[in-house]
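1. predicted coordinates and the sequence they were generated for:
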Amino acid sequence: MSFFGKKDKRTPYEIAREQSRFISSQVRQEKRQLDRQINQSDREIQRLSNDIRKHAMANNKDALRTLAKAVVKIKHDKSNLYAAKANLDTIDNAVKTQCTNVKITGVMQTSGEIAHSLSELMKVEQFQGISEQFSKELIKMGIMSEMMNEAVDGAMDNNDLEEETDEEVNRVLDEILAGKVGQLPSVAASQTVTLPTVDVDSEEDEMEKRLQALRS
């Protein structure tokens, strides 16, 4: 009996197939989580849209902008979730293709396509952990090199934060209110009108909590 353990008698294709199955399993798991987050985002957008319509009736413009900014943030996050799904599919399909190549040629080739998709995933905070795990597995498989991995890690430093622009906020309000933003009733200075009291700062804090819950 060898003190160094048994030698792996599997062929390169068998090893690659097992590693490919592991990555595919992880991809499916991540995509299920993404689908749940997307559905949750849709529900939150619908709830905020209903609130926007209510505040529009009361001409509470400060609350309208606060709620619209929250919708813009959620839509940004939702767009990132769809992009993450596409990148996960790219990684999964590319690994399967490389596995087929190993079966034919017995050699694994490096893939710039996978490295690019991983670098894009790295820009989404919640995928940084799984991206690092994928990187280690892909380096072991020979699909990625250490140099490619450094480029993927560098993507975290170039993650530009998206800000809600006035144009986006106005567009959201226009969509939800069916183009009637410019028709909101105006209150003359001489009129005394009692509007529902809304703590805008408190509402912003609540929106931020909900956005954090969607991202977690």
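-> Sure thing, it's come through.
2. so where's the protein shaky on pLDDT?
-> For the chain, applying pLDDT under 70 flags the ranges 1-8, 145-164, 179-216.
3. rerun at 50
-> Residue ranges of the chain with pLDDT under 50: 1-3, 158-161, 186-198, 200.
4. now the helices for it?
-> 12-57, 61-105, 112-122, 128-141, 146-154, 166-176, 200-215 (DSSP state H).
5. pipe those helices into JSON lines and attach mean neighbour count per row.
-> No exception for glycine: its C-beta is placed from N, CA and C like everyone else's. Converted to JSON lines, the helices of the chain look like this (neighbours: other Cβ atoms under 10 Å):
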{"stretch": "helix 12-57", "mean neighbour count": "16"}
{"stretch": "helix 61-105", "mean neighbour count": "19"}
{"stretch": "helix 112-122", "mean neighbour count": "21"}
{"stretch": "helix 128-141", "mean neighbour count": "18"}
{"stretch": "helix 146-154", "mean neighbour count": "15"}
{"stretch": "helix 166-176", "mean neighbour count": "17"}
{"stretch": "helix 200-215", "mean neighbour count": "13"}
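6. am I right that Q19 is in contact with E137?
-> Yes - look at Q19 against E137 with Cβ atoms under 8 Å: they come within range, at 6.1 Å.
7. spit out the contact partners of L48.
-> Residues near L48 by Cβ atoms under 8 Å, 6 or more residues apart in numbering: 67, 70-71, 74, 207.
8. now do 6 Å
-> 67, 70-71 (Cβ atoms under 6 Å, 6 or more residues apart in numbering).
9. now swap in L88 and tell me
-> Taking Cβ under 6 Å, 6+ apart, one finds 27, 30-31 in contact with L88.
10. quick check: chain neighbours aside, which residue is closest to it?
-> V27 (4.8 Å; Cβ to Cβ, 6 or more residues apart in numbering).
11. so the one you found is in contact with D92, correct?
-> Yes - using Cβ atoms under 6 Å, V27 makes contact with D92 at a distance of 4.4 Å.
12. ok, how many other residues are close to G142?
-> 17 (other Cβ atoms under 10 Å).
13. ok, it touching M108?
-> Yes - if you go by Cβ under 6 Å, G142 and M108 touch, sitting 3.8 Å apart.
14. distance of A58 from I176?
-> From A58 across to I176, the span is 15 Å (Cβ to Cβ, to the nearest Å).
15. likewise for Q128?
-> Q128 is 33 Å from I176, by Cβ to Cβ.
16. next: K54.
-> Counting by Cβ to Cβ - K54 and I176 are separated by 11 Å.
17. measure the residue nearest to I38 when sequence neighbours are not counted to R32 for me?
-> In space, and not counting its chain neighbours, I38 is closest to L81: 5.4 Å by Cβ to Cβ, 6+ apart. Distance from L81 to R32, counting by Cβ to Cβ: 12 Å.
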